[in-house]
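>>> generate coordinates for the sequence data below:
(chains A and B)
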Protein chains: 2
Amino acid sequence: MNEVVVLTPERILEVTEDVLRRYGLAKATVVDVARALDVSHGSVYRHFPSKASLREAVAKRWLDRASAPLLEIAEATGPAPERLERWLRTMFAIKHKRLGDDPEMFATYLTLAREACKVVKGHKDCLVDQIAQMLSDGVKQGVFEVADPKVSARAIFDATSRFHHPAHADEWNDPDTQARIDALLTLLLRGLEAPCKG
Amino acid sequence: MNEVVVLTPERILEVTEDVLRRYGLAKATVVDVARALDVSHGSVYRHFPSKASLREAVAKRWLDRASAPLLEIAEATGPAPERLERWLRTMFAIKHKRLGDDPEMFATYLTLAREACKVVKGHKDCLVDQIAQMLSDGVKQGVFEVADPKVSARAIFDATSRFHHPAHADEWNDPDTQARIDALLTLLLRGLEAPCKG
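Okay, here's the model as predicted:
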């Protein structure tokens, strides 16, 4: 007897990821996904009207999974400088771990993300917003001096590209990466500090 | 009557660049270079014992041409913060101009540089040394507070990757690039400032 599983978009995306892992990006088809779900491909198309929209949704899910733990840090209470530093280190760690754990799937997701410009832009904007929120908190706490949190947040995001932008993935395993992250974060946090406290 | 031109490594490299421009990287051969110079290919090999060493030398020349005007700024006198800012803006401008002026040759040189890891490493180390020199000057002038100029120089270099690392070349034409450079440099210069002057 078959267990009845309701076909949700979430379930389709889960199975699509399995299928991508098994067949690879070049070979995986919507029919493979439908077969793995034991449904007709029409049922898949009801949720994702095209292969492109399915691929885009997979990319979005992958990116959302990276930003969820970051949102927690951004929305926590506590001193903004510590939170910002933890947020940045967590972001680097998530990205580096993804690459280290499964370089092949990293490449697959990356290709999907590159096809989905708007999804990536949304992801980046969301991360920059999270940084901006911590900067605003820091200004309220009197520890940061920032004229425009959104502009400075973008600058922080840009300044850390080497450690989170996938174009630099082949450099993340350099033996001095941690030391370089430390030096960069020290510099950036000093650049945000409200001058002459007390 | 043929003009007699002494066959120097410099002359060979110049002509090799022309040949690369004309035939493209995939098709250009050492024989093409020799023919363009009106010499035997043995004469070319006397200066560059292999095709690889010739390609490496072309990459090095390309990179050296980018760092020469920067060295002038690094070694000038005057307030270190202004010099550092000018140095960084000049570095970005040189790289962006190269891409804008001739995207095809940019791609060619980039491929050559990627083959020549040691040459690229030497180029980066040289740029970081130039930054470190300006940081040391700033410390002497009492305007920067930097524990280890070499470490902070590397941090500055990393922090600006998005605007000089060729992996980001496709982002350099974003309409907000200049505003983002401004925001980043403001942040970095503040991070270097000696606290509580006067």
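>>> just for chain A, where's the confidence low?
A:1-5, A:196-198 (pLDDT under 70).
>>> contact partners for the residue in it that chain B sits nearest to?
Residue of chain A nearest chain B, by CB to the nearest CB: A:Gly191 (3.2 Å). Bear in mind the C-beta positions are built from the backbone N, C-alpha and C, glycine included. The neighbours of A:Gly191, taking CB atoms under 8 Å, 6 or more residues apart in numbering or on different chains as the test, are B:187-192.
>>> up against chain B, what does chain A have?
A:151-152, A:154-156, A:158-163, A:165, A:167-168, A:179-180, A:183-184, A:186-192, A:195-196 (CB under 8 Å from any CB of the partner chain).
>>> what residues of stretch A:17-32 count as buried?
Using 16 or more other CB atoms under 10 Å in any protein chain shown as the test for burial, stretch A:17-32 gives A:17, A:19-20, A:25, A:28, A:30, A:32.
>>> export the residues you listed to JSON lines and tack on secondary structure?
Shown next, in JSON lines, are the buried residues of stretch A:17-32 (DSSP: H, G, I helix; E, B strand; the rest coil):
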{"residue": "A:Glu17", "secondary structure": "helix"}
{"residue": "A:Val19", "secondary structure": "helix"}
{"residue": "A:Leu20", "secondary structure": "helix"}
{"residue": "A:Leu25", "secondary structure": "coil"}
{"residue": "A:Ala28", "secondary structure": "coil"}
{"residue": "A:Val30", "secondary structure": "helix"}
{"residue": "A:Asp32", "secondary structure": "helix"}
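>>> what's around the residue nearest to A:Leu54 when sequence neighbours are not counted, how many residues?
In this structure, A:Leu54 finds its nearest non-sequential neighbour in A:Phe48, 4.0 Å apart by CB to CB, 6 or more residues apart in numbering or on different chains. Neighbour count of A:Phe48, defined by other CB atoms under 10 Å in any protein chain shown: 20.
>>> A:Phe48 against A:Val58, yeah?
No: with contact defined as CB atoms under 8 Å, A:Phe48 does not reach A:Val58; the gap is 9.5 Å.
>>> OK, contacts around A:Ala52?
A:Glu115.
>>> flag every buried residue along the helix or strand containing it.
Using DSSP states H and E, A:Ala52 sits within helix A:51-75. By neighbour count with 16+ other CB under 10 Å, helix A:51-75 contains the buried residues A:54-63, A:66-67, A:70-71, A:73-74.
>>> farthest pair within those?
A:Leu54 and A:Ile73 (30.9 Å; CB to CB).
>>> got the domain boundaries for chain A?
Using automatic domain parsing, the domain parsing of chain A gives A:9-47, A:51-192.
>>> just name the most buried of the ones you listed.
domain A:51-192 (a mean of 18; mean count of other CB atoms under 10 Å in any protein chain shown).
>>> what about it, start to end distance?
45 Å (CA to CA, to the nearest Å).
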